[in-house]
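*Asks:* Got a sequence here, can you build the structure:
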Amino acid sequence: SPPPPSPPGPSAPPVSPPPSPPSQPPSLPSPPAVPPVSPPPSPPLWPPGPPLAPPSPPTPPALPECPCDSVVVTGREGSSYMGIFQRLNISFGGRWVYKNQAEKHLYYWPDHRSWRIGEAFDGLGNVASFSGDSAACPTYATNWQTWDG
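*Replies:* Next up is the predicted model:
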């Protein structure tokens, strides 16, 4: 049978169904390859410059009070270990050192807490105080003894 006659006038475009949604999103093109970037070099720990000055030496502790600029040692007359001892501008064992005209030294020996008279301040004096009281000044020391040896 022949098709039905079309209505007069312009013809309508055919209607198509809407497109179905894609099952996956469209893929985007890959970005261009970028070479890896190295981190910047580490800065020095401190800026270079002139070397630091060494620290100042510690201040020595104050010496105990001893008013004696000179000390007279008697008791064994004629011995080079006797006489007038003048205070030197040095200390040993935390006390002043003295010296007589015979070049003998009067000094404090901290290991035995005693004053001694000897050739040098090495602890081997021929005269020593045996009070063991850490006297601040040789005139305060007691129990002096001499020996030859």
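*Asks:* and A102, what does it touch?
*Replies:* S80, Y81, G83 (C-beta atoms under 8 Å, 6 or more residues apart in numbering). In this view, the C-beta of every residue, glycine as well, is placed from N, C-alpha and C.
*Asks:* Look up how far M82 lies from it.
*Replies:* Using C-beta to C-beta, to the nearest Å, we find A102 at a distance of 9 Å from M82.
*Asks:* likewise S56?
*Replies:* 42 Å.
*Asks:* One more: Q101?
*Replies:* 10 Å.
*Asks:* re earlier: show me which of S56 and M82 is the more surrounded one.
*Replies:* M82 (19 against 6; other C-beta atoms under 10 Å).
*Asks:* Apart from its chain neighbours, what residue comes closest to the more buried one?
*Replies:* Distance criterion C-beta to C-beta, 6 or more residues apart in numbering; nearest residue to M82, sequence neighbours excluded, is V73 at 5.0 Å.
*Asks:* So which bits of the longest strand along the chain are buried?
*Replies:* Across the chain, the strand with the greatest residue count (assigned by DSSP state E) is strand 83-92. For strand 83-92, burial by neighbour count (16 or more other C-beta atoms under 10 Å) applies to G83, F85, R87, S91, F92.
*Asks:* Run through the residues that contact the second one.
*Replies:* Contacts for F85 were tallied using C-beta under 8 Å, 6+ apart; they are S70, V71, V72, V73, Y98, K99, N100, K104, L106, I117, P138.
*Asks:* what would the contacts of A102 look like in JSON lines with distance to L124 and pLDDT?
*Replies:* Below are these laid out as JSON lines (distance: C-beta to C-beta, whole Å; pLDDT from 0 to 100):
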{"residue": "S80", "distance to L124": "15", "pLDDT": "92"}
{"residue": "Y81", "distance to L124": "12", "pLDDT": "91"}
{"residue": "G83", "distance to L124": "19", "pLDDT": "94"}
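*Asks:* From the residues you listed, pick the one nearest P36.
*Replies:* Y81 (85.1 Å; C-beta to C-beta).
*Asks:* Looks like the closest one contacts T146 (just checking).
*Replies:* Yes - between Y81 and T146 there is a contact at 6.9 Å, judged by C-beta atoms under 8 Å.
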